[in-house]
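*Asks:* next one to model:
(4 chains)
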2 protein chains.
Amino acid sequence: MAEKQYRIGEFSQLVGLSTYTLRYYEDQGLILSQRDDNGVRFYTEHDIRWVGFILHLKGTGMRLNELKRYVKLRAEGDATIGERREMLQRIKNEAEAEIAERQLHLTVLEHKIKWYDEKQAHTIDDSETFHDYLQRFQD
Amino acid sequence: MAEKQYRIGEFSQLVGLSTYTLRYYEDQGLILSQRDDNGVRFYTEHDIRWVGFILHLKGTGMRLNELKRYVKLRAEGDATIGERREMLQRIKNEAEAEIAERQLHLTVLEHKIKWYDEKQAHTIDDSETFHDYLQRFQD
DNA sequence: AAACACCTTCGAGTGCACTGTAAGGCAAGG
DNA sequence: CCTTGCCTTACAGTGCACTCGAAGGTGTTT
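*Replies:* Residues are numbered from 1 along each chain as shown, chains lettered A, B, ... in the order given. As a prediction, the model looks like this:
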């Protein structure tokens, strides 16, 4: 039983990327496609997994240029595993730092929401500025 | 004792935004500046706090257009507090959803790093694909 | 007198990641 | 035969948030 083959339109639906983007990624060397006798692209389950994986990498904040570099290393074989590992580790660290930073910003936003609530409920002095209010959480 | 006044160059250093960006933000209505007798911008501590706050909002993922809308509402007075609160709440929800999503992508990246480690240490079968490996964590 | 920091308007350039159009062509299905 | 879906190259357009430069100006400091 041969594996199911998908043409670009169907594949596009499956992976959630437009056909434009799929061709663009192929241009950029991020994906490969096989061709039938007429030169028409087709993809298999294997390609679905690969696109899924690069979308995970993208989802962590990895940029196309880094992704290209990663794919290039991958094509060079197991000798580059160390380098790829370091790359992913760096991406991981950066992503975690960004998340942490974003969470810090979020706490201020949360305080502001609380401040609005208390202001609306008149449980804080009408003249207390948000800045003064924030001071109460500084320690 | 009058409050210290900062001209744009110094202020730029203090808040970490270029003078270009400060003027741009002013154009966009995100910041106000006072002017001396010669029309030269100056800022005070109050402005430092305000820029600090909008950078927190930006840091949560809020876009300039939303920020503009927020600032506009703010200028309309306390009557818009409810709307501003809802706005920040929505931003908060979106930011949390994005963080959660990013963390999901990160777990896959972490698995990939582990997979590299195990592959390098030859503790996994050389023929086991990352996809097969990942299956072991699916439940 | 020159250097410096600021002011204005206006418009162009940057980086990223697409997204779309034009203009041509091929092959299969109703 | 015509529509649909695919193919190609090449290039323009989009959205976002800056970033910069030109060309002219003012006021303060050395």
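
*Asks:* ok, which stretches of chain A are strands?
*Replies:* Taking DSSP state E, the strands of chain A run over residues A:6-7, A:34-35, A:41-43.

*Asks:* among the ones you listed, which is the most enclosed?
*Replies:* Mean neighbour counts were compared across those using mean count of other CB atoms under 10 Å in any protein chain shown; the top stretch is strand A:41-43, at a mean of 20. No exception for glycine: its C-beta is placed from N, CA and C like everyone else's.

*Asks:* that strand vs DNA strand D: in contact?
*Replies:* Yes: using CB under 7 Å from any atom of the strand, strand A:41-43 reaches DNA strand D at residue A:41.

*Asks:* what is that strand packed up against?
*Replies:* Strand A:41-43 sits against strand A:6-7, helix A:8-15, strand A:34-35, with contacts defined as 3 or more CB pairs under 8 Å, 6 or more residues apart in numbering or on different chains; DSSP states H and E.

*Asks:* next, count neighbours for residue A:119.
*Replies:* By other CB atoms under 10 Å in any protein chain shown, the residues close to residue A:119 number 18.

*Asks:* want to throw the strands of chain A into a markdown table with distance to residue B:134 and mean pLDDT?
*Replies:* Output for the strands of chain A, formatted as a markdown table (distance: least, CB to CB, whole Å; pLDDT from 0 to 100):
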| stretch | distance to residue B:134 | mean pLDDT |
| --- | --- | --- |
| strand A:6-7 | 21 | 98 |
| strand A:34-35 | 24 | 98 |
| strand A:41-43 | 20 | 98 |
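
*Asks:* including distance to residue A:24, could the ones you listed go into TSV?
*Replies:* Output for the strands of chain A, formatted as TSV (distance: least, CB to CB, whole Å):
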stretch	distance to residue A:24
strand A:6-7	17
strand A:34-35	18
strand A:41-43	13
